[in-house]
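Asks: okay, predicted coordinates and the sequence, questions at the end:
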Amino acid sequence: MDTGETFKLWSEIISTWVSITQGCVTTIGVLVAGIWSYYVFVRGRNFDPNIKIEINQKSVIEIKGKKATIITAKVKNIGKTRVDKDSCVMKVMPLVTDKNGLFLFEEDTPRTQELNLLLNHSFLEPSEEIYEDILISLDKTPAIKLLIKFSGGFRNPLYPLFGNSEISSSVDSIITPDGHTTS
């Protein structure tokens, strides 16, 4: 064998190994990119649906000598996925005071009301905020306790493959006729 043939043989061997290595690196790269894409675009879209609820007292008004308050309920989807709403209910419970002036709440009395909120909405997209104003009577009570409970979840169209995520979020506040709110 002369030098030219030896060089040609070694260049073919090296070329073969370079092609094999290149194919392996490309295959590994495609697999890593596929796994990354799956976690970012498929799994990342349905991790942890998350709802934030806020109650704010806008104002206290007087109508025909009776006090009422306007409450703003804000529900925001702070997760990365669309959240389907099953229900959003606000419970209004009148508070009474004991002999020391401390608030006691009566959860199930005839004066307790339940209001369905967000009736015109069936889902919230990521970063979507929904506001709803509610007028509540403050007559004959030193204060009221508001409890808003949202329930729903992520409904995966590929359910058998990836599953669904459920969420339940709630917040409560005490509202007084003089305009104070505590959460």
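Replies: Right, received. Where do you want to start? Every value quoted in this text rests on a predicted model; they were computed, and no experiment measured them.

Asks: tally of neighbours for residue 118?
Replies: 19 (other C-beta atoms under 10 Å). Heads up, the C-betas are built off the backbone N, CA and C, glycines and all.

Asks: quick check: bridge partners of the spatially closest residue to it that is not a sequence neighbour?
Replies: Excluding its sequence neighbours, the residue lying closest to residue 118 (C-beta to C-beta, 6 or more residues apart in numbering) is residue 88, at 4.5 Å. In this entry, residue 88 is beta-bridged to residue 150, by DSSP bridges.

Asks: quick check: which element contains residue 167?
Replies: strand 165-175 (DSSP states H and E).

Asks: ok, that strand: who's next to it in the sheet?
Replies: Using DSSP bridges, strand 165-175 pairs in its sheet with strand 143-154 (antiparallel), strand 181-182 (antiparallel).

Asks: out of those, deepest packed?
Replies: strand 143-154 (a mean of 21; mean count of other C-beta atoms under 10 Å).

Asks: same question for that strand, mean pLDDT?
Replies: Strand 143-154 carries an average pLDDT of 85.

Asks: okay, the residue nearest to residue 118 and residue 173: tell me how far apart.
Replies: Distance of residue 88 to residue 173, computed by C-beta to C-beta, to the nearest Å: 15 Å.

Asks: between these two, tell me which one has more neighbours.
Replies: residue 88 (23 against 18).

Asks: how far out from the middle of the chain is the host helix or strand of residue 23?
Replies: Assignment of secondary structure by DSSP H and E places residue 23 within helix 3-37. Put simply, helix 3-37 sits 48 Å off its chain's centre (C-alpha atoms, centre = their mean, to the nearest Å).

Asks: pLDDT (mean, whole number) over that helix?
Replies: Mean pLDDT, computed over helix 3-37, is 90.

Asks: how close does the residue nearest to residue 118 get to residue 96?
Replies: Separation of residue 88 from residue 96 (C-beta to C-beta) stands at 27 Å.

Asks: residue 19 - how many residues pack around it?
Replies: The number of residues near residue 19, taken as other C-beta under 10 Å, comes to 10.

Asks: equivalent analysis for the one 3 residues further on, please.
Replies: Residue 22 has 10 neighbours, counted by other C-beta under 10 Å.

Asks: from residue 29, how far off is it?
Replies: When residue 22 is compared with residue 29 (using C-beta to C-beta), they lie 10 Å apart.

Asks: what's the burial count for residue 67?
Replies: Neighbours of residue 67 using other C-beta under 10 Å come to 16.

Asks: surely it and residue 138 touch.
Replies: Yes: between residue 67 and residue 138 there is a contact under C-beta atoms under 8 Å: 4.2 Å.

Asks: let me know the pLDDT of residue 182.
Replies: For residue 182, the model assigns a pLDDT of 66.

Asks: same deal with residue 101?
Replies: On pLDDT, residue 101 comes in at 66.
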